[in-house]
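Colleague: show me the folded form of this:
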Amino acid sequence: MSIAVPKEVKQAAKLRHRRELDDIDYKRTLRVIREKGYPQRTVAEALGISQSALSQQLSGVEAVEEPREGFSGATALEVCQRYAAGFLGREQLIDELTRWPYAQREKTDGYDALVVDPPGTWSDVRKALRDGLIDAETYDQVLDRFNER
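Modeller: Reported below is the predicted structural model:
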């Protein structure tokens, strides 16, 4: 028996996902700003922050990947986050997760069963299910369509 989640809690979860995605999008935009060579003083003033704060923020922008061509995120997990935040519809989510070029899982050596999946494997979708970004029905539908390919 599942516990009913109050609408306020669902709204808070959606806003948390949006905040995380806003941070990713902000860093991507800062990277573009830096690549275009805008003066830091001008940018910092427009953002309402100090130049040293902007400099610190610019130092971490390389770590954020750009969305894949034809997809709304850099990873399948990000696609699921965008869905949970309300930025994608269910059909677009299912389409993107079905088409996603998942990386292959590492194989064990036959002795040690511990394998850590690299980013980009199907484990991203399992994590999205476990974290409540997608529901079991959506997971099953994506899995069925993916296996039909």
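Colleague: which SSE is Arg19 in?
Modeller: helix 7-36 (DSSP states H and E).
Colleague: okay, buried residues for that helix please.
Modeller: Across helix 7-36, burial judged by 16 or more other CB atoms under 10 Å covers 13, 17-18, 21, 24, 27-28, 30-31, 33-34. Quick note: C-beta positions are derived from backbone N, CA and C, even for glycine.
Colleague: quick one: contacts for the residue nearest the centre of the chain?
Modeller: By CA atoms, centre = their mean, the chain has its centre lying nearest to Glu78, at 1.5 Å. By CB atoms under 8 Å, 6 or more residues apart in numbering, Glu78 lies in contact with 21, 24, 67, 72.
Colleague: on that earlier part again, and which of the buried residues of helix 7-36 is nearest to Arg41?
Modeller: When the buried residues of helix 7-36 are compared for distance to Arg41 (CB to CB), Ile33 wins out at 12.6 Å.
Colleague: quick one: low-confidence parts of the protein?
Modeller: Residue ranges of the chain with pLDDT under 70: 1-2, 105-115.
Colleague: which residues in it form helices?
Modeller: Ranges of helices within the chain are 7-36, 40-47, 51-58, 76-84, 90-99, 123-130, 136-148, based on DSSP state H.
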